[in-house]
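**Q** coordinates only, sequence not included:
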C-alpha cells in the first residue's frame, strides 16, 4: 500500500512541472517589458499593470521580442509561434515621449534637454543594484540627455543595447533602479 501512495505523490508532483513547460512565463514578459521601456510597473512610461495572469500563451522557444512604445503600449511577440500581446504603458515617461504620437505633436513635447552624450562617444554601461554592479565600455549610437534612452554598442558589428543616460559618459541598463 505505501508504494501506491508514493506513486501517486510522484505523479502529482510532476504535473505542475509539465504545466510550467507548456505556457510562457508571464513574470518574464513583465520583466522584459520593464527593461525595454526603462520603467517599472506603475511608473511613468512603465507598464500600467502586470500581464493578465489568465493568459495561457504557448511557451516561446526563444526570448519574446518587445517593440515600442507604440501608441502608448509595448508589443510583446513570439515570432516562432506567431503570438503577440499589447501591454499598455503609463503616460508621461521618457519612453512614452519617443512614441509615434509624440513625434508629430509638437505641443505635447517638453522643452528639449541638452544632450550630454554625443553619437560616437565612449560610455560606460552600468548594470546592478545595491548588492552588485557590472560595467562595460560601449560606444553611443545616438545623442542623449540625462534620463533619455539611447542605443549603445560594443563595436560596429555588435547588436545595439538600449541604455538610459545617467550622467556624462555613463549609461545604465533600464530596470536596475537601485544603483
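**A** Cool, the structure landed. None of these values were measured; they are calculated from a predicted model.
**Q** mind pulling up the phi and psi values for the residue nearest to residue 53 when sequence neighbours are not counted?
**A** Distances taken as C-beta to C-beta, 6 or more residues apart in numbering put residue 26 closest to residue 53, at 6.1 Å, once the chain neighbours are dropped. Every residue, glycine included, has its C-beta placed from N, CA and C. Main-chain dihedrals, residue 26, degrees, to the nearest 10: phi -70, psi -30.
**Q** Pull the contacting residues for residue 26.
**A** 50, 51, 53, 55, 57 (C-beta atoms under 8 Å, 6 or more residues apart in numbering).
**Q** Go ahead and confirm the last one touches residue 85.
**A** Which is residue 57. Yes. Here residue 57 lies in contact with residue 85, judged by C-beta atoms under 8 Å, at a distance of 7.3 Å.
**Q** coming back round to it: would you reformat the contacts of residue 26 as CSV and include distance to residue 127?
**A** Compiled in CSV, the contacts of residue 26 are given as follows (distance: C-beta to C-beta, whole Å):
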residue, distance to residue 127
50, 23
51, 24
53, 28
55, 29
57, 28
